[in-house]
Each structure stands twice: as C-alpha cells, then as structure tokens.
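Visitor: Any chance you can model this:
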Amino acid sequence: MSFLSFKDFEYIEYLKIFKICLLLKKKNYSLNKNVLIKFDLPSTRTNISFKIACQKLGCNLYEFDKKKSQLIRGEKKKDTYKVFEGYFDMIIFRGISNKLKYLSRYFKGIIINALTEKEHPTQILNDIFTIFEIKKNFDFTILWVGELNNVSKSLIYASKKFGFLIKFLTDKKSKKKIKKINIIRNIKEIKKIDFIMTDTWNSMNNKKKDKKKLKVKYKFFKINKKAYFMHCLPLYRDKEVEKKVLKIKNNIIWKQSQNKIITSMALIKYIFK
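Guide: Have a look, this model is predicted:
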C-alpha cells in the first residue's frame, strides 16, 4: 500500500488516518521499520516533519545522498532500487513525477509521495485534517486563490473524497479547466467561504511574472471576518498574500504547519498497520 496520489485512499481510510492523528496527540506508538528519505527537491517542513515523525514512531531512518552513492560512478538506478527493496520497508520520495514512476517500477515496497509537480497529497492530507479539527465535519467551502498547481490538484481530489466545496479565484488559463459554477466572479461571494487557501508563486514550473498573479487580500477578511486563512508555506509577503492578512485572528498557517508531524506519523502508522 503506497500513497502516491490523494486518489489512492477512500473516504473511510482517511477517517481512520484522522482518528490516528487525534490519538497520536495523546499517545506515541513505536514501529521497528526501515525508512529511506529520498528528496531530490528542496524541502523544509515536509522533510523535517517526516524525519521527526519517523523518529517518534521508532523507525530506523536513513537519508539518501546521490553524491555519496555509486550512482555517480555509473551504477544503474534500477539496480540501486532493487537493493533498496531488501533494505527498506518504505521510501518517502520528493521529486519529478517521472522519477517517482521509475522508482515505483523497481522498488516494490511502500512509497509515499511527498511532492511532485503533479500532486502534493501529503500536504492536502494535513490541510484537511487541520480543517477537520476546527469544523469537526466536512461541510465547508474552500476558496483557492491562484493558478492551478500540484497542491490544488490534490485538493480537488480531496473534495471528491470528502464532499466539501471548492471555489476558485484564478487566472484565465486555469479557468478553462474549471466548471464555471466553481469560479468566483463577484468578490462578495467570499461571504460564503469558510477557508481561503493559497500557495507560493515560486512553485514548480511557474514562470509567470509576479505582476500578473492573483493574491490573497486583506479586504477578503473584511468581507468575511469568519473565514480562515491557510497557506502551505513558504510564503512571500505582499506577493501571493498581503502581509496584513497574517495578523488576522483566523490565520491558522502555523497550526497547519505544526500538524504536519502528526499527519505524517498517522499516515506512516496507518500504512504499516
């Protein structure tokens, strides 16, 4: 059982993971598993949270460094991955989707997708749990501000699993991929939004100029004072979000970030269980 896409698990399975999240906030569990961290792309929160999660679960944690391996001397990746299958119970991968696909072809153990350019399922697992802690149900509406990317794609898959609504304040290119009923056309529609979510402009394959981007504005939270602000981080003030937004009462980005340890632990524990 791997976790490569948010589509991989069913609704009831995500509920079980959330239940484990809540239990882990009260009690630790111990696993004796060998876990490899293989991150080909930069990471702060996802990298650290998975490492802490593995340590808290009693896993034997290893980090792969290509520069210190025989790959730099010409060893075939498929040979390396076949060896990994005998060493590791799980690989947590972050990188390009083609490399993830190649890894899964030769490593038959468990793989967790910790981000590719196509999806970021572990981030959305964390975000939906954070919302669930607040709402206690899945009857809510999220406004996604910005263009469609890997994070929003996983969010769309999540909405189909849990039944919550997503509205979009997005660019012309992305609008072509979204049903008209889901597009915000009047700023007053924000009154019906529960959570406003965005992501950094400096995400993968992002080459547009900043001046053409959409951002989360402070006035959104004047229109709807009950709305919560979410951002998976890193954030860049006055780019994708006005810095005044960070001072609002319902800014939950730090809670969102801190929960990544718990959701990482719960995901690993559930998969091994």
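Visitor: Output the top helix by length along the chain in CSV with nothing but the alpha carbons.
Guide: When the chain is parsed with DSSP state H, its longest helix is helix 253-272. Extracted C-alpha coordinates of helix 253-272, given in CSV (Å, rounded to 0.1, in the frame of the first residue of the first chain):
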residue,chain,number,x,y,z
ILE,A,253,-0.9,28.7,8.9
TRP,A,254,1.2,27.9,12.0
LYS,A,255,-1.3,25.3,13.3
GLN,A,256,-1.4,23.9,9.7
SER,A,257,2.4,23.6,9.6
GLN,A,258,2.7,22.1,13.1
ASN,A,259,0.2,19.4,12.3
LYS,A,260,2.5,18.0,9.6
ILE,A,261,4.3,15.9,12.2
ILE,A,262,1.1,14.3,13.4
THR,A,263,-0.4,13.7,10.0
SER,A,264,3.0,12.3,8.8
MET,A,265,3.0,9.9,11.8
ALA,A,266,-0.6,8.9,11.3
LEU,A,267,-0.1,8.2,7.6
ILE,A,268,3.0,6.1,8.2
LYS,A,269,1.4,4.2,11.1
TYR,A,270,-1.8,3.6,9.0
ILE,A,271,0.1,2.2,6.0
PHE,A,272,2.2,-0.1,8.1
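Visitor: Could you check it and say which residues are buried?
Guide: 253, 256-257, 259-272 (16 or more other Cβ atoms under 10 Å). C-betas here are computed from N, CA, C, even on glycine.
Visitor: got the residue ranges for the helices in this protein?
Guide: Counting by DSSP H, the helices of the chain are 11-24, 45-56, 77-87, 97-106, 121-135, 150-162, 172-175, 220-223, 253-272.
Visitor: Just want the angle from the longest helix of the chain to helix 11-24.
Guide: Counting by axes from the mean of the first three to the mean of the last three Cα atoms, to 10 degrees, helix 253-272 lies at 110 degrees to helix 11-24.
Visitor: elements contacting helix 253-272?
Guide: For helix 253-272, the packing partners by 3 or more Cβ pairs under 8 Å, 6 or more residues apart in numbering; DSSP states H and E come out as helix 11-24, helix 45-56, strand 90-94, strand 110-113, helix 121-135, strand 228-231.
Visitor: Mean neighbour count, the ones you listed: which tops it?
Guide: strand 90-94 (a mean of 25; mean count of other Cβ atoms under 10 Å).
Visitor: quick one: contacts of that one?
Guide: With Cβ atoms under 8 Å, 6 or more residues apart in numbering as the test, strand 90-94 has contacts from 33-41, 43, 46-47, 50, 84, 99-100, 103, 107, 109-116, 268, 271-272.
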